[in-house]
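S.K.: quick one, what's the 3D model for this:
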Amino acid sequence: MLINIASLNVCTFYPFAWSPSVDVELPDRGDDEKIEHYAERIFSEKVNVFKTGLSKAVNNSQRKGECLFFSMPEFYWNLSPYAFWSKEDVAGAAEYYMDHIPDIITRVIEDYPVGDFGKIILLCGSAGTLIETEKNYDAINYLLAIDNFNFNADGTHCLSMWPKTQVATYDYGYSGGEQEVMHFFMGMPGHPLGLNVNGQGTSVAEHNTNSGYGPTFDNDILPDVPFAISLCADYAKDDDFRKEEWMDKKPKIHFLIASGMGLSASREYGPSVQYAIRNDGYGGTLEKPHAGGCDVMVVESGHITRGISPLSVEDDVYFYELEVV
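M.R.: Reported below is the predicted structural model:
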């Protein structure tokens with residue numbers, strides 16, 4: 001099957017506002033602005049970038065594949081950790097993400113009915129939330145997947161969620177390094193906030209599709225091209241990519257949705273994998289980050305062998321064509 005891959009590659013990493021001390025642009029949240037109002041303002045910008053990037057991919061003159069996979073990087077939906085000044089802000093942002101992102105991506109995909117635009121699968125970046133538990137905070141960093149050709153019995157779009165389990169050093173601000181419990185410095189001068197976060201998340205995949213609800217990721221949305229996803233640090237640390245949470249155990253393409261994680265030639269994939277695809281939101285330095293770039297690599301006998309060049313790069317959208325057998 002001929003498919004197209006489009007990667008919206010934008011920077012999703014926030015420069016340090018805390019140790020080491022650097023001169024960075026702090027978030028523009030007003031002193032009296034509620035976190036929900038700040039989130040609404042920032043999300044308006046994020047949605048516009050999302051819609052513009054998707055439109056470029058859908059209308060690319062070189063689009064010939066039977067299905068378009070469109071991805072965004074890890075932490076695409078996150079607010080700056082330095083805009084969180086209290087535990088109430090952290091809780092308010094988590095609630096805002098969970099309440100609004102599913103509705104946003106549903107409204108976007110509804111603008112592209114399959115009869116007019118062909119098959120489209122959205123891998124909608126990730127949202128990293130922190131949920132307070134009895135002792136520490138638990139990190140729930142998750143990606144939502146939706147498409148324009150699978151529907152539930154009530155006519156709603158099928159939806160799947162893939163969570164990250166490993167918490168990395170810079171996921172939620174600045175920390176002293178990876179450990180069992182990590183202390184993140186958030187907030188900013190005048191609004192300091194420090195939180196203890198468990199070094200490993202406990203979430204598992206979920207799907208709400210025409211096959212019902214369950215604790216697995218529906219990765220065979222397109223039966224001829226089952227796919228797998230790793231979120232950043234999980235790529236390096238999960239030996240089998242948590243395949244027990246996949247509905248189809250033999251993916252043909254493997255996405256790395258990241259913020260500071262490269263593909264590795266030494267990483268072993270399952271024998272069914274034909275391509276490794278990376279969309280990374282962090283490159284550059286801690287003080288001056290930029291988008292981390294995109295890769296599409298051929299996988300043969302379980303290992304990456306060579307790269308594939310994009311057919312086009314339009315602003316921040318990288319567009320590829322792949323033959324999957």
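
S.K.: check what pLDDT Gly190 gets.
M.R.: Gly190 is assigned 79 on the pLDDT scale.

S.K.: hmm, I typed the wrong one, I wanted Tyr97.
M.R.: On the pLDDT scale, Tyr97 is placed at 98.

S.K.: for the helix or strand harbouring it, packing partners?
M.R.: Using DSSP states H and E, Tyr97 sits within helix 87-110. Under the contact definition 3 or more Cβ pairs under 8 Å, 6 or more residues apart in numbering; DSSP states H and E, helix 87-110 sits against helix 35-58, strand 119-132, strand 137-151, strand 157-164, strand 191-198. From N, CA and C alone the C-beta is placed, and that goes for glycine too.

S.K.: quick one: residues contacting the closest residue in space to Ile121 that isn't next to it in sequence.
M.R.: Distances taken as Cβ to Cβ, 6 or more residues apart in numbering place Asp147 nearest to Ile121, at 4.5 Å, with adjacent residues excluded. Counting by Cβ atoms under 8 Å, 6 or more residues apart in numbering, Asp147 makes contact with 109, 119-122, 157-158, 221-222.

S.K.: what of Glu245?
M.R.: So Glu245 contacts 162, 204-205, 215-217 (Cβ under 8 Å, 6+ apart).

S.K.: from those residues, list the buried ones, please.
M.R.: 162, 205, 216-217 (16 or more other Cβ atoms under 10 Å).

S.K.: and the two most separated of the residues you listed?
M.R.: Farthest-apart pair in these is Trp162 and Thr216; separation 10.0 Å (Cβ to Cβ).

S.K.: quickly list what's touching both of those two.
M.R.: 205, 245.

S.K.: low-confidence stretches in the stretch 101-250 of the chain?
M.R.: For the stretch 101-250 of the chain, applying pLDDT under 70 flags no range at all.

S.K.: hmm, try it at 90
M.R.: In the predicted model, the stretch 101-250 of the chain carries pLDDT under 90 at residues 173-179, 185-192, 202, 208-215, 237-240, 247.
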